[in-house]
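[1] need the 3D shape of this:
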Amino acid sequence: MKIHPSNHTPRSRAGFTLLEIVIVLGIIGIILGGIGYRMIGSLESARFKRVEGDFKTLDSALMQYRLLAGQFPTQSQGLEALVAKPSGTPVPRKWTQQLREAPADPWGNIYNYRFPGKKRASEYEIISKGPDGIENTQDDISSQDE
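    This next block holds a predicted model:
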């Protein structure tokens, strides 16, 4: 009986084992989780920065309103006086629309307007209810905060 040498070479490793795939997926998951965690922190920080920008925009619109009307809107007229001409007293001397719509904070809540303000009675105050959306809690943000 003649044995012919086989032209067959030992089978080379053609793929990854299940363990290797699980390890790689675990590492990718850890990396993505870390990135996601950091991005959530940046997103919340960006929301607070947007509130500051909104306060500046509203400040500018309120100053323009005062220049034309002779005074700031009353608390009952609110920021809506920047969007639609107030019909109640005091009626502004001159009025032009300052904003297309009453702005909402980054959490979807309409800004509150107070005149006179709580901290400085001679100035108006704009308030965001903050992330929890509930008024008069610790996370509220006021334009009179320093």
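
[2] setting aside sequence neighbours, what's the nearest residue to Gln77?
    Distance criterion C-beta to C-beta, 6 or more residues apart in numbering; nearest residue to Gln77, sequence neighbours excluded, is Pro86 at 4.5 Å. (Glycine included, C-beta is placed from N, CA and C.)

[3] how many residues are close by that neighbour?
    Number of residues near Pro86 (other C-beta atoms under 10 Å) recorded here: 19.

[4] so who does it touch?
    Pro86 sits next to Pro73, Gln77, Glu80, Pro92, Trp95 when contact means C-beta atoms under 8 Å, 6 or more residues apart in numbering.

[5] roughly how far does the nearest residue to the last one once chain neighbours are set aside sit from Arg47?
    This points to Trp95. Of all residues not flanking Trp95 in the chain, Lys85 sits nearest, at 4.7 Å (C-beta to C-beta, 6+ apart). Here the criterion is C-beta to C-beta, to the nearest Å. By it, Lys85 lies 32 Å from Arg47.

[6] Pro116 now?
    Counting by C-beta to C-beta, the gap from Pro116 to Arg47 is 28 Å.

[7] between those two, which one's more packed in?
    More neighbours surround Arg47 than the other of Pro116 and Arg47, with 16 against 13 (other C-beta under 10 Å).

[8] give me phi/psi at the more buried one?
    Dihedral pair for Arg47: phi -60, psi -40, per degrees, to the nearest 10.

[9] who touches the nearest residue to it once chain neighbours are set aside in this structure?
    Using C-beta to C-beta, 6+ apart and skipping residues adjacent in sequence, the residue nearest Arg47 is Pro106, 3.8 Å away. By C-beta under 8 Å, 6+ apart, Pro106 lies in contact with Ala46, Arg47, Arg50, Val51.

[10] name the element Pro106 belongs to?
    Taking DSSP states H and E as the definition, one finds Pro106 inside no helix or strand.

[11] next one: it from Gly133, what distance?
    The separation that Pro106 has from Gly133, given C-beta to C-beta, amounts to 11 Å.
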